[in-house]
Structure formats: C-alpha cells, structure tokens
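Trainee: Sequence first, then the predicted structure, then my questions.
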Amino acid sequence: MDFFLSRYRNLTVLLIVIVAQLLLIAYQVKTNNNVPLMRVWAVTAVTPVETALELVRRYTWGFVVDYFVLLNVRGENEKLKQDNGQLKMENHYLKAELGTADRARALSVFQAQSPSKTVAARVIGNGTGANSKVVFIDRGSTSGVESGMAVVTPDGIVGKVVDAYPTASLVMLITDPTFAAGVISQKNRVRGTLKGQGHNDTLVDYVQNEEKVDGGEWFYTSGDDRIFPKGFPVGQVSAARNGKNFKEIYLNPSGLQGGSVEEVLVLLQGVHQQIPDGEIASPGYKILQPPADNVAGAPQPTGQPTALATDADRLREQYKQIGTEQKHVFGEGIPGSKPPDFTKMQGIRGASPLPSLTPAAPPPTKPVAPASADASATAPKPGGSQTTIASPTGDSTATTPQPKPGPTAPILVTDPTDADPGSDVAAPPAPKVEKPAASPKPATSPAAAPPPAAPKPSVPRNP
Amino acid sequence: MTEYTEHLLTEPRKDTERFRFIWLVTVPLVAILFQVYVPRFVSFLSYLELPLLITVHFALSSRAPIASVFYGMSIGLVQDSLSHQPIGMFGIVKTLVGYFAASVSMRFDVDNPFVTFILSFFFYFFHQFFYWVLDRALLGEALSFDVQQTLIFGLLNAAVALPLFRILDKLKVTG
C-alpha cells in the first residue's frame, strides 16, 4: 500500500480530489441544497470589489461627462429614467385595470389595491460560465431580497433571484438554459412554459401544435409558477411554427432589450394583474399608407374619380352612362324586356384615343369658340373617364364631341348585363359625360388647359 | 525525430522559479473579477477563460502535479461559488486541467510560444468539452455543445495566452 501511494502519489491525490468534489456535487444534487458558506465567502470576497470597481467607473466617467460635457443633464436623466420606469409600471397597472372595468371601478380598485412592492437594484456583474446567464445585483437579504423573488423592469420580466446574500443577490436571467416560467398569450390565451435558450431569444414550450399563436403576439406571465405575478409582459413572438411534439414559439424578451439590463426591480411583494385585452401593446409591423398618386404618377384634379384606372372600369362607366341616359336601371327588368341601346357606345378606344388612330392634335391656329369645349375635347381626362373622342382625321372641328363616331368602332365584346348593379355603392362617382348638343364641361386638369392663345380671341366678340 | 521536435520535447528545467504567495492569490482573483465584470461592457469577452489560462500557466511553469491539482481546484471552486451551478463543476474540470498540464509540462518545452499556443488551445477545448460532459452526466442538463464555436474561441484564448504568459512570467522570482 505504501509502495502504491508513493509510486502513484500524484494520481492518488488527483483521484481523492476528484472523488471529493464528486461527492460534494452529489450531496448538493441529492439534497437540493448548496454549500452556502463557500458561496458566501466567494461572493463576499468578489462583490465588494465589483461594487468598488463599478463606483470608480461610474464616478470617474460620470465626472468627465457631468462637468465637461453634460453638466447636470446626466443626473437629471437618471432621475427621469427612474420616474419614467415607475410611471410605466403605474401606467401598465392602470391600463390593465381600466381595460377590464369601467373607469370608476378601476379607479376604486386601484385605490384599494396597492401595486407590487418593489426595490430597485443595479446590475453589478455577471456570473461565471459562458453558458449561464446569471447576474449579480447590488441588493441582498439586508434589503429584503429573498431567493425566488421575481426581477422585472417596466418593459417586462428579467429573471428570478436564485441566491440572496447579505449585500448582493444572484439573478438567473430568463435567457438562462435552466430558466422556466409559466406564460400565457395575450390574444389567444395559449398557455406554455417559457424556457431560456442561452441566447437572446426564449422559447415557449409545451404548446400543442393545434393551438393558434400569431406572429407578433404578446406573451404575459400566467402566475402559475408562483414566482412571477400574473400579467407582466414577457415578450413578443418573433417566430412560431409547428414542431415535432409541440409548437416552437420563439419570443423576443421585452425586458432584456439588447440582451442586457442595467437597473432592475425586485418584486418584494408581487401583485397579480389582468392581461390586457384587445390591442397589442406595441404593433410589431408598420403598414405604409397607400400611395397618393395615381398610375404613372399623373396628378389628379380635384373632383375627378380616381378609380377608373383600367379598361374594364371605363367600359363599365360607359354602360352605366348609357343606362342613365336611357333611364335604364341595371339589375331590374324581367328577362326578355328591351335592353338599352348600346350601339351608341364608343368603347374604350373611343374613351382613350389610340396614338395610331388619333394623331396629336396640333395647337389651334384659329380661335375656336367656345374655347372651353375645345379644351375639354382635345385633352383626355386623367383616368380615361371621358367619353368623347378625337377625330382620326385630325380636323380641328372633329375635336368637339361627336354623337356617333363611326370610324372608331368600339371593341364591345362584353355582355352589358354583366354589369353589377350593386357596384354603384362601392364605385366612385361617375364622371360627367359631355353630351354632344350640350355645352361641354370645362376641363380642370392642368394637362387639359387650352393653349394660351386659344381663349383670348373670344373676348373681342363680347364687348 | 527531427531537431525541431527534439527541441520541443525537452527535459525538465533545473532552475526553480516560483510565484510569490501574494501573486498566487491576486492573479486568479483578478482573472475571476475580469470574467465577472468586464463582459458587462464587452460581451464578447465573456468567452475569454482567464481563470483557465491562469491555471494552465501555473501548472506549466510549476511542473508540480499535486500543487496544480489544488490550485486548479481552488480557482474552479471560486468560479463555482459565483455561478448558480452546484459547487464542484468547474472545480473538477480545472483540477484535471491542472494535473494534465503539469504532467505534460515535464515533457515539453513550455517556454516555446508554439507549444504554449497548442497547449492553451487544447486545454481550452478540453475544459469546455469536459464541463459539457459533466453538465450532462451529473446534472442532466441538455446543453448544446457547439464544436465550431468552441474551436474558434479556443484559438482566441490561445492567442491571448501568449502575451498573458509572458506577463505572468515576469511575476516569478528565482530561488
């Protein structure tokens, strides 16, 4: 034996040390009890140095910033941040109460119930180990902090206290792989278990694939774990998909924006809150306003319909116009009754002149009376809603509205009875049609303005 | 065996360089403080395992397996105390690292930067892998082990080890 111990002394010592530590681990795992004395020693040795380092860092850096850059703004900002955080908590509480009851009742409930009792703390250091997500805060058992207390920020939950020492506490963040908490979704009330992943995203587990969870939906604490009071925001769904056994729901934790926190609140006495109904706390998606301009960016004159952007729209307007002129109401009349006379229809080619058939009208060299009629006939209205056409001959007199434009046969291939009578409600107001015999409506479009020389000669005629 | 490999595999040195007791205590404490405090501001540095590098350096330079076993165990237990894991996880891993580092130091020229780099890289990977094994075996936690990431951080730690060991060598006294 002596020979063995002397021959393999190093190995023997190694084995003894390893076995001793294994026994220590086994004891802790078996009894679910750590070794408080050793931890207290280590934490008491390290955290004062951390606090001192933090103080030195803050005050040296703060000195430079306060006196050379920002003067009093820094302190004011700190105070405003604290006030803002407290107000956010109160606001959240009030919103939850007011969302479920009327105003007077909510106010009375608010007066009767006090919100969660909290103590503010500052993060002074991280825990060891690359995988673990634990931090030390500068509040311990002397401030009333105990193991198992929830740690939150006004934006959401942060973690829970796993060890409380006299001057500091160890907080397990919700991103720690061993973290778990009960959560419930805001919209569909789906319950699950929040689990840390070791990185910024967290997972909601044990949700059946049949449950409905929307992207961007908010999750709140359910209060089932007896650590986090119900109704505290947890995070927003960043991805949700069906998994092998359960749904895979990933949350972006709202309390850990950017992956780290500076100041936190430890809930000494938590108060359950209602989960807000209805609208989501902050929309995750922004939808732009529809574009204001029309197709091809043409400016729209005031009062002109803007929906007649297609040939089908123009055809429908022509059908409706003819029906109105002949006092026919689409959708009425028995089968076999006389339909309107659609032979007067000009077709969409008549409505918007084709370049091959309709040469560009030259600027009139002679004054044409009335000038407004000429202007309205030669210039197409934006949206193609006009029913007059230009003559293919290029004659200036042909630019006035013609009742029967023979050469430009309409491409009428649609059954007029297909027109939806009910579409009058949703359709934009029909443009006013220039009748051949009536005085044409003056164009309002800038593009339809007559040439500068056109209207002037009419003035001497009316002395 | 080439001349270079013979140069790498040398007999143990006869000179007796050792640390002052104050540095033996202060250096690991600073390393642990660095690991606890600095990653708050530079999160990338959380993957810098300075306590491990200190253990490796002590074991390589002291070439005393028993002393290295206790030194590694002490550093590991302090690390465990600052974590939420059961005490002993880092302790066991660093105990083994200390023992093996001291053992291989008797066969290698640990003053050679190349050898230092390789050993630091190897012991970082060993440390991370064995910690992962213990985590799964003893605590039953299904943590993932990213080999590629561990290799990259092993290289970074080994790169840091080169200047760090030079600085730590300055703290040793002869006699």
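Mentor: Cool, got the structure.

Trainee: Please make it C-alpha for all contacts and neighbour counts, starting now.
Mentor: OK.

Trainee: State which helix of chain B is the longest.
Mentor: When chain B is parsed with DSSP state H, its longest helix is helix B:113-138.

Trainee: And it, how far out from the chain middle?
Mentor: Centre-to-centre, helix B:113-138 and its host chain are 9 Å apart (Cα atoms, centre = their mean, to the nearest Å).

Trainee: pLDDT of it, averaged?
Mentor: Helix B:113-138 carries an average pLDDT of 92.

Trainee: Check stretch A:265-284 too.
Mentor: On average, stretch A:265-284 scores 69.

Trainee: about what we covered before: quick one: list the elements packing against the longest helix of chain B.
Mentor: When contacts are defined as 3 or more Cα pairs under 8 Å, 6 or more residues apart in numbering or on different chains; DSSP states H and E, helix B:113-138 sits against helix B:50-62, helix B:89-105, helix B:147-170.

Trainee: TSV for these, including mean pLDDT and distance to A:P276?
Mentor: Output for the helices and strands packed on helix B:113-138, formatted as TSV (pLDDT from 0 to 100; distance: least, Cα to Cα, whole Å):
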stretch	mean pLDDT	distance to A:P276
helix B:50-62	92	47
helix B:89-105	93	44
helix B:147-170	92	42
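
Trainee: Quick one: closest of those to chain A.
Mentor: Closest to chain A of the helices and strands packed on helix B:113-138, according to Cα to the nearest Cα: helix B:89-105, at 5.9 Å.

Trainee: so what secondary structure elements neighbour the closest one?
Mentor: In terms of contacts (3+ Cα pairs under 8 Å, 6+ apart), helix B:89-105 is packed against helix A:9-31, helix B:50-62, helix B:65-81, helix B:113-138.

Trainee: Ok, which of those helices comes nearest B:L168?
Mentor: The closest of the helices and strands packed on helix B:89-105 to B:L168 is helix B:50-62. By Cα to Cα, the value is 8.0 Å.

Trainee: Say whether chain A is contacted by that closest one.
Mentor: No: judged by Cα under 8 Å from any Cα of the partner chain, helix B:50-62 stays clear of chain A, getting no closer than 10.2 Å.

Trainee: Pull out the buried residues from that helix.
Mentor: Within helix B:50-62, the residues that qualify as buried are B:50-62, counting by 16 or more other Cα atoms under 10 Å in any protein chain shown.

Trainee: Pipe the helices and strands packed on helix B:89-105 into TSV and attach distance to B:V27 per row.
Mentor: Below are the helices and strands packed on helix B:89-105 laid out as TSV (distance: least, Cα to Cα, whole Å):
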stretch	distance to B:V27
helix A:9-31	23
helix B:50-62	8
helix B:65-81	10
helix B:113-138	18
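
Trainee: closest to A:T44 out of these?
Mentor: helix B:65-81 (10.5 Å).

Trainee: Only alpha carbons, please: show the closest one as PDB.
Mentor: Output of helix B:65-81 as PDB, limited to C-alpha atoms (Å, rounded to 0.1, in the frame of the first residue of the first chain):
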ATOM      1  CA  PRO B  65       1.000  18.000 -10.400                       C
ATOM      2  CA  ILE B  66      -0.200  18.000  -6.800                       C
ATOM      3  CA  ALA B  67       0.200  21.700  -6.400                       C
ATOM      4  CA  SER B  68      -1.500  22.200  -9.700                       C
ATOM      5  CA  VAL B  69      -4.400  20.000  -8.700                       C
ATOM      6  CA  PHE B  70      -5.100  22.000  -5.700                       C
ATOM      7  CA  TYR B  71      -4.500  25.300  -7.500                       C
ATOM      8  CA  GLY B  72      -6.900  24.400 -10.300                       C
ATOM      9  CA  MET B  73      -9.400  23.100  -7.800                       C
ATOM     10  CA  SER B  74      -9.400  26.300  -5.800                       C
ATOM     11  CA  ILE B  75      -9.900  28.500  -8.800                       C
ATOM     12  CA  GLY B  76     -12.600  26.300 -10.000                       C
ATOM     13  CA  LEU B  77     -14.400  26.200  -6.700                       C
ATOM     14  CA  VAL B  78     -14.400  30.000  -6.500                       C
ATOM     15  CA  GLN B  79     -15.800  30.100 -10.000                       C
ATOM     16  CA  ASP B  80     -18.500  27.600  -9.000                       C
ATOM     17  CA  SER B  81     -19.300  29.800  -6.000                       C
END
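
Trainee: quick one, which of the helices and strands packed on helix B:113-138 is nearest to A:R9?
Mentor: A:R9 lies closest to helix B:89-105 among the helices and strands packed on helix B:113-138, at 12.2 Å (Cα to Cα).

Trainee: Just send the helices and strands packed on helix B:113-138 back as a markdown table, with distance to A:V234 too.
Mentor: Converted to a markdown table, the helices and strands packed on helix B:113-138 look like this (distance: least, Cα to Cα, whole Å):
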| stretch | distance to A:V234 |
| --- | --- |
| helix B:50-62 | 34 |
| helix B:89-105 | 31 |
| helix B:147-170 | 29 |
